[in-house]
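Asker: 3D model of this:
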Amino acid sequence: MNILVLIKLVPDLVEELTIDAGGTTLDMTWLRLIINELDDHAIEEAILLKERGEASVTIVAPDVEGVDDVLFTAAAKGADRLIKLTGNFTEQVNNHALARAFTSIIKDLNPDLVLTGVQAHDDLDGSVGPLVAGYMGMPYVGYVSRISLSSETATVHKEYPGGVIAVMEVKLPTVMGIQAAEQPPRYVAVSKVRQAMKTATIEERTVDELDLSGGVTVSRMFQPEISERATMIEGDEEQVSARLIEIFREAGVL
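Answerer: Numbering: from 1, shown residues only. Next up is the predicted model:
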């Protein structure tokens, strides 16, 4: 079984985000990039599938700052093959362009299962998974939390709002967007990652000029405005309750 995991790096929301001088994108000068959290869950789910049966796991990522560390960490977790797509990924690239770049490698590797995180916090033009499935003409299931594989099909648990879980069978090959792996992504020690750096190899595949069509055109970005809009209600329980009722009535809710 050949499992392919598509990942991307996203801005670390712990860091302060600033807008560049042009006003249409983030200033990437000092911005730290980390693996998309749900892509990390996709890696974990792939490793779990490998541990339960005969499967090989290949990780594919675009060439951006910090991607080598992410790939070697995946190798330390148990990934068998690491591929870095090289091209003009220095600027922010929309998901349509990224999906097209992934499509080229998918055609070469011919995987049985393609996994990716179901979404990312910088998805302005849709998630990568369904875009890849559309370009490849493959079925897609999103918000997946568990996978069981057979020779020709996959049985998946798909999450719906309200805690509803659907169990469905999908014919392989297919693309799946992982909402959560069956267990939290495993921790690997720095020493194990350093060992992977000595033993694992990152293959480089050159991507032709990126096609940005289909993405969102950003005309202007703004920092959130800070203003005083909260009203603190003081008093005992009865006074607070009475004031809340007045506010609801003024707003037309009651």
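
Asker: And the helices in the stretch 151-254 of the chain?
Answerer: 190-199, 237-250 (DSSP state H, counting those that start in this stretch).

Asker: Apologies, that question was intended for the stretch 1-150 of the chain.
Answerer: Assignment of helices within the stretch 1-150 of the chain using DSSP H, counting those that start in this stretch yields the ranges 37-52, 67-77, 95-109, 128-136.

Asker: and these as CSV, adding mean pLDDT, mean neighbour count and distance to Ser150?
Answerer: Every residue, glycine included, has its C-beta placed from N, CA and C. Shown next, in CSV, are the helices of the stretch 1-150 of the chain (pLDDT from 0 to 100; neighbours: other Cβ atoms under 10 Å; distance: least, Cβ to Cβ, whole Å):
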stretch, mean pLDDT, mean neighbour count, distance to Ser150
helix 37-52, 97, 22, 12
helix 67-77, 97, 22, 24
helix 95-109, 94, 19, 21
helix 128-136, 97, 21, 20
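
Asker: Let me know which of those is the nearest to Ser227.
Answerer: Nearest to Ser227 among those is helix 37-52; the distance by Cβ to Cβ comes to 30.3 Å.

Asker: which helices and strands does that closest one pack with?
Answerer: In terms of contacts (3 or more Cβ pairs under 8 Å, 6 or more residues apart in numbering; DSSP states H and E), helix 37-52 is packed against strand 2-6, strand 56-62, helix 67-77, strand 113-117, strand 140-149, strand 174-178.

Asker: What lies in contact with that helix?
Answerer: 1, 3, 5-8, 55-57, 59, 74, 77-80, 113, 115-120, 144, 147, 149, 177-186 (Cβ atoms under 8 Å, 6 or more residues apart in numbering).

Asker: Out of these, which end up buried?
Answerer: Neighbour counting over these (16 or more other Cβ atoms under 10 Å) leaves 1, 3, 5-8, 55, 57, 59, 74, 77-80, 113, 115-120, 144, 147, 149, 177-181, 185 as the buried ones.

Asker: which stretches of the chain have low pLDDT?
Answerer: Counting by pLDDT under 70, the chain contains low-confidence ranges at 91-92.
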